[in-house]
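> below is the sequence, then the predicted model.
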Amino acid sequence: MKAPISSYLDTILDEVRYQDAGSNADYIPELANKDPNSLGAAMCTTSGHIYSAGDAEVEFSIQSISKPFIYAMAVQEHGIDVVSEIVGMEPSGEAFNELSLDREGHRPVNPMINAGAIAVTQLIGGTGATVEDRIEMIRAFLSEMACRQLRVDYDLCDSELQYADRNLSLAHMLRNYDIIQDDAHDAVVSYTAQCSVMVTTRDLAFMSAVLANGGVHPLNGKRVLEPDVCRLTLAVMSSAGMYDQAGRWMAHVGIPAKSGVSGGLLGTLPGQLGFASYSPRLNEYGNSVRGVRIFKLLSKDMGLHLMAADDRAGVDAVRSIVTYQEDTVVTLQGMINFNSAESILYELSQHEISGDHVIFDMTRVSGIRRMGRFLLKEGMHLLEEKGFRISIVDPDDHVPDYRTVDGTEIHVNEQESAPFATEREDDRYHDDDCPDPDEGPQPPAWEG
């Protein structure tokens with residue numbers, strides 16, 4: 001059974017597809033010539049489940065979305081005290097390429113603006129690293145985050161360097177105050193190559209999910225970053241990742257995020273998921289017009305705002321899946337929000353359901369959010385389309401109706417209780433541990 005999340009992403013893309021405000025970045029020919037109608041989205045949960053829609057496999061340059069990752073790389077390599085000597089972490093309230101430093105220490109105010117990013121890039125590999133060494137270390141690290149080998153588009157890099165006067169001015173200013181030790185031109189070459197690494201929307205979703213998962217890659221279980229580094233990086237993203245739109249972004253969307261002038265947009269919800277979108281048309285702040293709209297819709301629909309008081313528990317929402325004769329009982333528990341509903345659908349997709357009757361036991365469910373209810377009903381609908389009969393044990397009326405978002409009526413039978421004990425505490429998802437049919441029905445486990 002395929003979970004309906006990809007279909008939901010398709011719906012979100014369709015809602016924003018015909019918005020044609022904004023325009024491609026025009027100061028770099030390769031960006032100006034990109035198809036302005038390209039549109040993709042991808043999501044990766046901290047459990048490693050990936051969903052995508054639209055042009056999620058189209059490559060584009062990472063640009064400024066690289067900044068939080070290289071900041072994390074530098075903090076991991078040198079420690080926060082060393083990094084803080086050359087860059088602050090306060091929101092600037094200025095454009096990303098503003099020629100400004102703080103007045104006290106002549107440091108860039110944060111690593112998300114160009115001056116800060118150029119300073120941070122020079123820390124990678126230390127002062128003894130060549131430009132080529134530094135670029136390769138950055139490429140390799142971003143590849144590790146994406147879980148595939150990424151490449152630097154050197155044609156794009158050379159093109160950007162022809163229009164890099166402002167960044168060169170920043171580098172000379174940084175060198176003048178001993179913030180960087182490298183030659184100014186070499187500093188800008190390193191930074192521009194960093195921005196020319198090619199990624200897809202799916203890559204960005206994986207990379208964001210590493211931050212959401214405290215530095216452990218959800219696909220291979222490898223620790224890439226330390227938890228403290230991820231927490232610090234997300235904090236800086238939340239205050240400065242969207243440039244001088246950052247305050248409104250956190251108020252209305254509430255997800256730590258980073259944008260890039262190629263049209264990419266990345267967001268991270270700690271402990272839950274990483275999300276990314278791609279659409280090249282930019283607004284006046286240098287952020288993707290349709291990407292911003294996508295994130296607003298997701299935040300509203302899924303209840304993803306970081307400041308919301310909603311119960312975010314529920315990743316282990318499936319207490320057990322047990323089959324007895326023709327009945328498969330799916331026992332759910334806790335708060336059913338988006339994250340927990342996604343895990344329910346994934347567990348069902350991986351389970352070999354025998355028989356023709358699926359019973360959802362919601363006796364242990366404490367509550368259900370709007371998006372959790374939507375996904376759960378879509379899952380029931382897909383099971384029904386596959387020929388299964390659906391029943392529900394829902395004493396607290398968490399699912400008051402059985403209509404999907406398009407109005408389709410799911411034929412659900414309501415039951416007072418599940419027909420047998422669904423599990424022992426130490427045995428989950430094992431059909432061979434069901435009660436012996438000769439012993440008759442067993443009372444539900446929660447009845448003592």
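Cool, got the structure. Numbers count the residues shown, from 1 in each chain.
> tell me how many other residues surround Pro169.
Pro isn't right for residue 169; it's Ser. Counted with other C-beta atoms under 10 Å, the neighbours of Ser169 add up to 15. All C-beta atoms are positioned from the backbone trio N, CA, C, and that covers glycine.
> ok, now Val197?
As a burial measure, Val197 scores 26 neighbours (other C-beta under 10 Å).
> cool, the one 4 residues further on as well?
By the other C-beta under 10 Å criterion, the neighbourhood of Thr201 contains 31 residues.
> with Thr130 instead?
Residues near Thr130, counting by other C-beta under 10 Å, number 12.
> for the helix or strand of the chain with the lowest mean pLDDT, buried residues please.
Taking mean pLDDT, DSSP states H and E as the measure, the chain has helix 246-252 as its least confident helix or strand, at a mean of 82. Buried residues in helix 246-252, counted by 16 or more other C-beta atoms under 10 Å: 246, 249-250.
> could you do stretch 19-38 as well?
Within stretch 19-38, the residues that qualify as buried are 22, 24-25, 28, 30-31, 34, 36, 38, counting by 16+ other C-beta under 10 Å.
> closest one of the buried residues of helix 246-252 to Phe60?
Using C-beta to C-beta, the shortest approach to Phe60 within the buried residues of helix 246-252 belongs to Trp249, at 21.1 Å.
> right, and that closest one touches Met242 too?
Yes. Assessed by C-beta atoms under 8 Å, Trp249 is found in contact with Met242 at 4.3 Å.
> and Phe358, what pLDDT?
For the record, residue 358 is Val, not Phe. Looking at Val358, its pLDDT stands at 93.
> most widely separated two among the buried residues of stretch 19-38?
Gly22 and Glu30 (17.9 Å).
> any chance you could map the strands in the stretch 301-448 of the chain?
Applying DSSP state E, counting those that start in this stretch to the stretch 301-448 of the chain gives strands spanning 318-324, 327-336, 357-368, 389-393, 412-415.
> give me the mean pLDDT for the shortest one.
Which is strand 412-415. The pLDDT scores in strand 412-415 average 89.
> for the second one, same thing?
When pLDDT is averaged along strand 327-336, the result is 91.
> so how far is stretch 259-272 from its chain's centroid?
7 Å (C-alpha atoms, centre = their mean, to the nearest Å).
> can I get that stretch in PDB, CA atoms only?
C-alpha atoms of stretch 259-272 as PDB (Å, rounded to 0.1, in the frame of the first residue of the first chain):
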ATOM      1  CA  SER A 259      16.600  29.800   0.900                       C
ATOM      2  CA  GLY A 260      18.900  30.100  -2.100                       C
ATOM      3  CA  VAL A 261      18.700  32.400  -5.200                       C
ATOM      4  CA  SER A 262      18.500  29.400  -7.500                       C
ATOM      5  CA  GLY A 263      14.900  28.800  -6.100                       C
ATOM      6  CA  GLY A 264      15.600  26.200  -3.500                       C
ATOM      7  CA  LEU A 265      14.100  26.400   0.000                       C
ATOM      8  CA  LEU A 266      14.900  24.100   2.900                       C
ATOM      9  CA  GLY A 267      13.100  23.700   6.200                       C
ATOM     10  CA  THR A 268      13.800  21.600   9.300                       C
ATOM     11  CA  LEU A 269      11.400  20.600  12.000                       C
ATOM     12  CA  PRO A 270      13.500  19.200  14.900                       C
ATOM     13  CA  GLY A 271      12.700  15.600  15.800                       C
ATOM     14  CA  GLN A 272      10.300  15.200  12.900                       C
END
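> helices or strands next to the least confident helix or strand of the chain in the packing?
For helix 246-252, the elements it packs on are helix 227-240, helix 289-302, judged by 3 or more C-beta pairs under 8 Å, 6 or more residues apart in numbering; DSSP states H and E.
> most neighbours per residue, which of those?
Mean neighbour count (mean count of other C-beta atoms under 10 Å) peaks for helix 289-302 among these, with a mean of 22.
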